[in-house]
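In: Got a predicted model here, sequence first, then my questions.
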Amino acid sequence: MPLDHLLIVAFVLFVVGAAGVMVRRNLIVVLMSIELMLNAVNLAFVSFSRQMVDHDGQVMVLMIFVVAAVEVAIGMAILVNMYRQKRSLSVDVFHSMRG
Amino acid sequence: MPTDLHFSLMIPELVVLGSAVLVLLLDAVLHGGGPRPGEEDPRDTTLALSVVGCVVAAAWIPAVLWNIEGPRSSFNGLFVADRFSLFFKLVVLVGAALSLLLSDSWLRRRRLSSGAAHALVLFATSGMMYMVSAGDMVTLFLGLEVMSIPVYCLAALLRWEDRSVEAGVKYLVLGAFATAIMLFGFALLYGYQGLVGGVATTQLEPLQTTLMANAEALPLYARAGGLLVLIGLLFKISAAPFHMWTPDVYEGAPLPFVAFMSVAVKATAAAVLLRVFGGPLLAVLGLDGMLWVVAAFTMVVGNFMALVQDNVKRMLAYSSIAHGGYILVGVLAGSAEAQAGVLYYALAYTVGNVAAFAVLVYLSRQGHEAERFSDLQGLGARHPLVGGVMVLAMLSLTGIPPLVGFFGKFVIFKAAVAQGYVGLTILALLTSAVSFAYYLRPVIALFMRPTVGCEVAVIPVNRRVALCMGLTSLAICALGVFSESYLGWLSSAVLALAG
């Protein structure tokens, strides 16, 4: 597969993820959208890495995997606390502080 | 492949990490929930261990690493322990140690286990230290996350409080979003370095060389990569228009940890901005115009929004945005003097801001947080020394000579004018003048307003917070008075500029 095609897919994934972060109201979906963006990054790194026959990009991808998992774990912990208080996971319930 | 593993270069990081792990273990063993009658309070032990960890790591830097002979980079360029990074490590460690001192009484009053919070501060500190030492995208990214994830947890530490959890959620979502944006930029730059530079690597230095060498014909994707990385870093330094999270996070997060976040995260982001975009690289990537606008917008938004706040924490949040703007002026100017200015500013802002937060922590008491200006009313007359520290901190943040804040601004503005950014400097001076108005408000509330209600506020002397206030006040005065020799010392710490 040519590099261009892979990069176009990565770019589309990234834009879809970024749009999801900005548009969706449910915080779980927002976190999923961030994961989508990170996967787009991973795709870009491995495509470049494959094209250039180099391992640095793949190492970076492994690191991103780990960190993404950690971020989700922390995110879920915080969201559980939020749900306990507000009984909702929508960004609309944020108004105890002026946005 | 040659390997160079100089673990001795990262002794400060290892000390901080080690004490973080020890604090966590001790906290579990000594049941950190509170003292049993007749036993020593385990929270004293974890606090002492965390502060000692920071102090030992900080002392190691000037004592050993500053003048070390031999290579300053290790792990095949992944880790760079040049003086630039060492200075920022000192700043971060000072911020962390002072915030730890502040957090202790605050956590006790709320009957919180302090071990976990102290460990989180230490983990975040180690992340910052790796981040400022990053010579490679991998170290930069891992340092960033090791810094950010504990800070998200610190923001949401009061998990039964609405505002704290809200702060945690906002910080997490926007922080992760910014990281993803920055990573996509890195992916594009990695590809560019491999395809154009010939050697595929995630290291920063070869990338900068390639970008500089091909300055005339940079493809769109390389410019886009630079832009995305810059946006990710601007989120972290909370520059407008990427600042939306800052006031909410600062208002909701626990007071002593806001002090930590505001000073240490900002200093780290400034260091990374300088390292990645140092010198003429900004102009080569065509990003200097954008950074000009962002710096101007940040100074205006930060200073004017701070005017209309009635919550001291929110006021300090906007003031921190404004100070980010002044730091960006220094990054934009990019010369060696401007870099020295940013270094100076990072420490000046750290001591000034921590002093202000120390006063707020000192004046907070059971069931009565010092949050709004009205909470401070009349307390200056009763506690003149504490009020005096606030006056000193506010004057330094405004930039009144001979305090440290003045020289920070002075050096940056002078370097910016020398680089031809006259308009931006005039704007910076005007917004600084505006800042005087809101920095006066806590002082007026403390000294010139009557106490609210008939309740007599009796604030017990708190030695640790008092120590923190004393140290920061001393630093505010001493670093200002001896600014000449201090600046001379700093100029040996600036980065060698590419090109």
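Out: Happy to help now that I have it. Remember, predicted model here, so these are calculated numbers, not experimental data.
In: elements contacting the lengthiest helix in chain B?
Out: If you go by DSSP state H, chain B has its longest helix at helix B:162-197. If you count contacts as 3 or more CB pairs under 8 Å, 6 or more residues apart in numbering or on different chains; DSSP states H and E, helix B:162-197 packs onto helix A:3-23, helix A:27-52, helix A:56-86, helix B:137-155, helix B:204-213, helix B:220-236, helix B:245-252. Any C-beta I mention is one placed from the backbone N, CA and C, and that applies to glycine too.
In: Mind putting those into JSON lines with mean pLDDT and mean neighbour count?
Out: JSON lines is the format used below for those (pLDDT from 0 to 100; neighbours: other CB atoms under 10 Å in any protein chain shown):
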{"stretch": "helix A:3-23", "mean pLDDT": "95", "mean neighbour count": "16"}
{"stretch": "helix A:27-52", "mean pLDDT": "95", "mean neighbour count": "22"}
{"stretch": "helix A:56-86", "mean pLDDT": "94", "mean neighbour count": "18"}
{"stretch": "helix B:137-155", "mean pLDDT": "96", "mean neighbour count": "24"}
{"stretch": "helix B:204-213", "mean pLDDT": "91", "mean neighbour count": "19"}
{"stretch": "helix B:220-236", "mean pLDDT": "95", "mean neighbour count": "21"}
{"stretch": "helix B:245-252", "mean pLDDT": "92", "mean neighbour count": "26"}
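In: on that earlier part again, which parts of the longest helix of chain B are buried?
Out: Judged by neighbour count (16 or more other CB atoms under 10 Å in any protein chain shown), helix B:162-197 contains these buried residues: B:162-195, B:197.
In: What's the mean pLDDT across that helix?
Out: The pLDDT scores in helix B:162-197 average 94.
In: what angle separates it from helix A:56-86?
Out: Counting by axes from the mean of the first three to the mean of the last three CA atoms, to 10 degrees, helix B:162-197 lies at 170 degrees to helix A:56-86.
In: and the stretch 51-200 of chain B, which residues reach chain A?
Out: By CB under 8 Å from any CB of the partner chain, the residues of the stretch 51-200 of chain B that approach chain A are B:137-138, B:141-142, B:145, B:149, B:152-153, B:156, B:159-160, B:162-163, B:165-166, B:168-170, B:172-173, B:176-177, B:180-181, B:183-184, B:186-188, B:190-191, B:194-195, B:200.
In: Try it again at 6 Å.
Out: Contact residues (CB under 6 Å from any CB of the partner chain) of the stretch 51-200 of chain B with chain A: B:138, B:145, B:149, B:152, B:156, B:159, B:162-163, B:165-166, B:168-169, B:172-173, B:176-177, B:180, B:183-184, B:187, B:190-191, B:194, B:200.
In: Tell me how many other residues crowd residue A:89.
Out: Using other CB atoms under 10 Å in any protein chain shown, the number of residues around residue A:89 comes to 18.
In: what's the answer for residue B:60, then?
Out: Other residues lying near residue B:60 total 17 when counted by other CB under 10 Å.
In: and it, what helix or strand is that in?
Out: Residue B:60 is part of helix B:42-60, with elements assigned from DSSP states H and E.
In: what comes up buried for that helix?
Out: B:42-43, B:45-47, B:49-51, B:53-54, B:56-58, B:60.
In: Is it possible to get the residues you listed out as TSV so that each row also shows distance to residue B:87 and pLDDT?
Out: Shown next, in TSV, are the buried residues of helix B:42-60 (distance: CB to CB, whole Å; pLDDT from 0 to 100):
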residue	distance to residue B:87	pLDDT
B:42	35	72
B:43	32	76
B:45	31	85
B:46	28	87
B:47	26	90
B:49	25	92
B:50	22	94
B:51	21	94
B:53	19	95
B:54	16	96
B:56	18	96
B:57	14	95
B:58	11	95
B:60	14	94
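In: Identify the farthest-apart pair in the residues you listed.
Out: Comparing every pair within the buried residues of helix B:42-60 by CB to CB identifies B:42 and B:60 as the most remote, at 27.0 Å.
In: how far away is the closest residue to residue B:261 other than its chain neighbours from residue B:170?
Out: Spatially, and ignoring its direct neighbours in sequence, residue B:261 is nearest to residue B:151 (5.7 Å; CB to CB, 6 or more residues apart in numbering or on different chains). Note on residue B:151: its distance to residue B:170, by CB to CB, to the nearest Å, is 12 Å.
In: Next: residue B:351.
Out: 28 Å.
In: same check, this time on residue B:259
Out: Separation of residue B:259 from residue B:170 (CB to CB): 19 Å.
In: Check residue B:155 too.
Out: In terms of CB to CB, residue B:155 sits 8 Å off from residue B:170.
In: what sits in contact with each of these two?
Out: residue B:249 (CB atoms under 6 Å, 6 or more residues apart in numbering or on different chains).
In: after the helix or strand bottoming out on mean pLDDT in chain B, next one along is what?
Out: Every helix and strand in chain B was compared by mean pLDDT, DSSP states H and E; the lowest is helix B:379-382, with a mean of 82. For helix B:379-382, the following helix or strand on the C-terminal side (DSSP H and E) is helix B:384-398.
In: For that next one, which outside residues touch it?
Out: With CB under 6 Å, 6+ apart as the criterion, helix B:384-398 contacts B:352, B:355-356, B:359, B:362, B:380, B:403-405, B:435-436, B:439, B:442-443, B:446-447, B:469, B:473, B:476.
In: Tell me the gap between it and the middle of its chain.
Out: 20 Å (CA atoms, centre = their mean, to the nearest Å).
In: Same question for that helix: list its buried residues.
Out: B:386-398.
In: Put the alpha carbons of that helix into PDB.
Out: Only the C-alpha atoms of helix B:384-398 are listed here, as PDB (Å, rounded to 0.1, in the frame of the first residue of the first chain):
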ATOM      1  CA  PRO B 384       0.500  42.000  59.300                       C
ATOM      2  CA  LEU B 385       3.400  39.700  58.400                       C
ATOM      3  CA  VAL B 386       1.200  37.400  56.300                       C
ATOM      4  CA  GLY B 387      -0.400  40.300  54.600                       C
ATOM      5  CA  GLY B 388       3.100  41.700  54.000                       C
ATOM      6  CA  VAL B 389       4.000  38.500  52.100                       C
ATOM      7  CA  MET B 390       1.000  39.000  49.900                       C
ATOM      8  CA  VAL B 391       2.000  42.600  49.200                       C
ATOM      9  CA  LEU B 392       5.500  41.400  48.300                       C
ATOM     10  CA  ALA B 393       4.100  38.600  46.000                       C
ATOM     11  CA  MET B 394       1.700  40.900  44.300                       C
ATOM     12  CA  LEU B 395       4.300  43.700  43.700                       C
ATOM     13  CA  SER B 396       6.700  41.100  42.300                       C
ATOM     14  CA  LEU B 397       4.100  39.600  40.000                       C
ATOM     15  CA  THR B 398       3.200  43.100  38.800                       C
END
